[in-house]
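Q: Predicted model and sequence follow; I will ask about them next.
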Amino acid sequence: MTTRGAIPHPDQVDPGRRARERAALYAVLTSATFENRPRLTNLLKYICERHFDGDTGSIKEYSIATDVFGRSQAFDQATDSIVRVEAFRLRKKLREFYEREGADQPIEIIVATGHYRPEFIDRKSEARNPPANLQSSFRNPLLVVSPSNPEPGLQTEEPPHIPQEETADPKLRIHLHEGPSKPLRNPTYYRGGILAVAAILAIVASPLIIGRFNRSHRASANDPPPASSPTPTLPNGPEIRIRCGYSRPIFKDAEGNIWTGDQYFYGGFVTELPNQHIARTRNPELYLTARTGVFSYKIPLAPGTYELHLHFAETTYSPASSLGGGENSRVFDVQLNGAPLLKQFDIVSDAGANTADVRVFRDVSPGKDGYLHLDFAGSLGLPIINAIEIVPGLLHRLRPIRMVAQNSFFVDAAGNLWMPDTYFSSGQLASDKVVIGGTSEPGLYAGERYGNFNYALPVDRGIYRLTLHFSEKYWGSELSKRGGVGSRVFDVLCNGIALTRNLDILEAAGSARAFMKTYHGLRPNAQGKLLVSFVPDVNYASVDAVEVEEETPN
């Protein structure tokens, strides 16, 4: 059973687990797939040994270049791509091993794009071999093959060049001592192991999600608890997640959710994109495959009320693309069970290019034939979709969004699961070792996102309550021994409308004290988002946790 609080770091494992992970590494290193591949085996051994030693934070491009590939201390990753090239080859070989020779291995080693840390993921037989009732009668192998004249700019095979990958070097935390006229720099504290934490989440999530989400947060330990109001139980049931255009059986995202490969489709063709930056998501890989063309999905679904999430990212048309374009380059319609769902939908206009765009719809049910029908037809260019997500829904009410500005999950006293924050643009994560008072939930305040940043929170039509959790961990604290009231001042806006002006956490709550602000009656913009912006006036804006709940059924 998961105890209340932050889910333990994946390095805190029992000896038996560590032994199984070492056995998984041994199986790879001694396989025929990796035979005569000394560069790849040396790289894999190096990063895995750091993992076993609990030192994943030191797995960086520079250390790999110097320690594994013998580069000098003058190594410059901007001009020498040795690490990115070999990491790309390592990922390919690992996939090859687990698809063939290592298909029966109980643990899979994954090195996700964007970093070089190994993740040891349990492979359940039922996940590797989806049951027959998950296979679509419409899945025709001939439809997966890309046409000879695919849409220009969309690659349908593995890219011939080695993709550039993000590095995750932590920056020093530097707080400003004066106003914002000086260059702004501040902390990013890096926590590795999101995918490994996700394995824990897969076990924990089910019993937690079905719990009640009663509100029990307080701005001060001396304040009376807020008046309770009845809140519905979060529904339990089957969840369907499809990574469109993905040819492998399963994909596990950073939160531990399992996505099947593309299925239940008719028409269209697959596109696979080279590794590239996708904003507003912790799962950029989810947006690197897609189904495009004129196509439909016929998804078997039990009777009930569901929440539908459609995931899009425009990676072809943008001002930076060689094809040019932007708004009005791809415009299409989406129908749900024969009724319009999205009209004249333009991803760039909705969210921008190379940006994850999630559209959420509640009160979704299958048609009379027991299927959920999604039809895509274009006005300009070809329709495209990256992923489809269907989860049990609440009648006339959206499931709540709860996020902490941390790289780990948090479980509060009421059993609510708070996810690592996503949907953000800009800002940095920080984690100061400061004990926060004035709250029965100090774990909510263990981290912060700071800077000039915003969240695009996807919601459906309706009226929403936004709760923001703050604490001043630096100014006026024992950590800095400097500053005071007026050292951090910022504005909070939602969809361009000011919610709070000149917010000073220290003035409102004191140093290292929990502080909460709740805003009522918020409505989404035309893009189906609550765009919550944190704009600095003096030094950086900051927030520790974000919560959105639908206030009034619509």
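A: Good, I have the coordinates.
Q: C-alpha from now on. contacts and neighbour counts both.
A: Noted.
Q: Just list the residues touching Asp75, thanks.
A: You called it Asp, but residue 75 is Phe. Neighbour list for Phe75: Tyr62, Ala65, Thr66 [criterion: C-alpha atoms under 8 Å, 6 or more residues apart in numbering].
Q: Now do the SS call for it.
A: Following DSSP: H, G, I helix; E, B strand; the rest coil, Phe75 is assigned to coil.
Q: circling back: which of the contacts of Phe75 are buried? Put it as a ChimeraX command.
A: Of the contacts of Phe75, the buried ones can be selected in ChimeraX as follows, counting by 16 or more other C-alpha atoms under 10 Å:
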select :62,65
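Q: if I look at Ser349, how far off is Thr315?
A: Separation of Ser349 from Thr315 (C-alpha to C-alpha, to the nearest Å) stands at 13 Å.
Q: So between the two, which is more surrounded?
A: For Ser349 and Thr315, the more surrounded residue by other C-alpha atoms under 10 Å is Thr315, and the numbers stand at 22 against 16.
Q: Hmm, the more buried one is touching Ala353, no?
A: Yes. If you go by C-alpha atoms under 8 Å, Thr315 and Ala353 touch, sitting 6.2 Å apart.
Q: Show me the shaky parts of the stretch 301-450 of the chain.
A: 319-324 (pLDDT under 70).
Q: Please repeat the previous calculation with a cut-off of 90.
A: Applying pLDDT under 90 to the stretch 301-450 of the chain flags residues 315-329, 378-381, 408, 413-415, 431-435.
Q: What are the boundaries of the strands in it?
A: In the stretch 301-450 of the chain, the strands defined using DSSP state E, counting those that start in this stretch lie at 306-312, 331-336, 339-345, 357-364, 371-380, 384-385, 387-392, 401-404, 410-411, 417-420, 424-425, 428-430, 448-451.
Q: Could you point out which of those sits nearest Glu119?
A: Evaluated over these, closeness to Glu119 peaks at strand 417-420, with 17.6 Å, by C-alpha to C-alpha.
Q: what pairs with that closest one, and is each one parallel or antiparallel?
A: Its sheet considered, strand 417-420 pairs with strand 401-404 (parallel), strand 410-411 (antiparallel) by DSSP bridges.
Q: most packed of those strands?
A: With neighbours taken as mean count of other C-alpha atoms under 10 Å, the strands paired with strand 417-420 reach their highest mean count in strand 410-411, at a mean of 23.
Q: What is the distance between that strand and the centre of its chain?
A: 17 Å (C-alpha atoms, centre = their mean, to the nearest Å).
Q: Then stretch 61-72?
A: 30 Å.
Q: Scan the protein for its longest strand.
A: The longest strand of the chain (DSSP state E) is strand 289-300.
Q: For Tyr98, the count of nearby residues, please.
A: The number of residues packed near Tyr98 is 17, by other C-alpha under 10 Å.
Q: for the most centrally placed residue in the chain, helix, strand, or coil?
A: The centroid of the chain falls nearest to Arg282 when counting by C-alpha atoms, centre = their mean (2.9 Å). The assignment at Arg282 comes out as coil when based on three-state DSSP.
Q: Spit out the contact partners of it.
A: Arg282 touches Ala254, Thr422, counting by C-alpha under 8 Å, 6+ apart.
Q: Quickly note the distance from Glu547 to Tyr26.
A: According to C-alpha to C-alpha, Glu547 and Tyr26 sit 44 Å apart.
Q: what's the answer for Phe409, then?
A: 31 Å.
Q: got it, and Phe470?
A: Distance from Phe470 to Tyr26, by C-alpha to C-alpha: 46 Å.
Q: Likewise for Ile401?
A: Distance, Ile401 to Tyr26, using C-alpha to C-alpha: 41 Å.
Q: likewise His51?
A: 15 Å.
Q: between these two, which one's more packed in?
A: Set His51 next to Tyr26 and count neighbours by other C-alpha under 10 Å: His51 wins out with 22 against 12.
Q: Give me the average confidence score over the longest helix seen in the chain.
A: Using DSSP state H to define each element, the chain has its longest helix at helix 82-99. Here helix 82-99 scores 90 as its mean pLDDT.
Q: Put the alpha carbons of it into CSV.
A: Extracted in CSV, the C-alpha atoms of helix 82-99 (Å, rounded to 0.1, in the frame of the first residue of the first chain):
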residue,chain,number,x,y,z
ILE,A,82,29.0,11.4,-30.3
VAL,A,83,26.8,10.9,-27.3
ARG,A,84,23.6,11.7,-29.1
VAL,A,85,24.5,9.4,-32.0
GLU,A,86,25.4,6.4,-29.8
ALA,A,87,22.3,7.0,-27.6
PHE,A,88,20.1,7.0,-30.7
ARG,A,89,21.7,3.7,-31.8
LEU,A,90,21.4,2.2,-28.3
ARG,A,91,17.6,3.0,-28.2
LYS,A,92,17.2,1.2,-31.6
LYS,A,93,19.1,-1.8,-30.5
LEU,A,94,17.2,-2.1,-27.3
ARG,A,95,13.9,-2.0,-29.2
GLU,A,96,15.3,-4.6,-31.5
PHE,A,97,16.3,-6.9,-28.6
TYR,A,98,13.0,-6.7,-26.8
GLU,A,99,11.0,-7.2,-30.0
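Q: can you pull the contacts of Gly304?
A: For Gly304, the contacting residues are Ser365, Pro366, Pro392, by C-alpha under 8 Å, 6+ apart.
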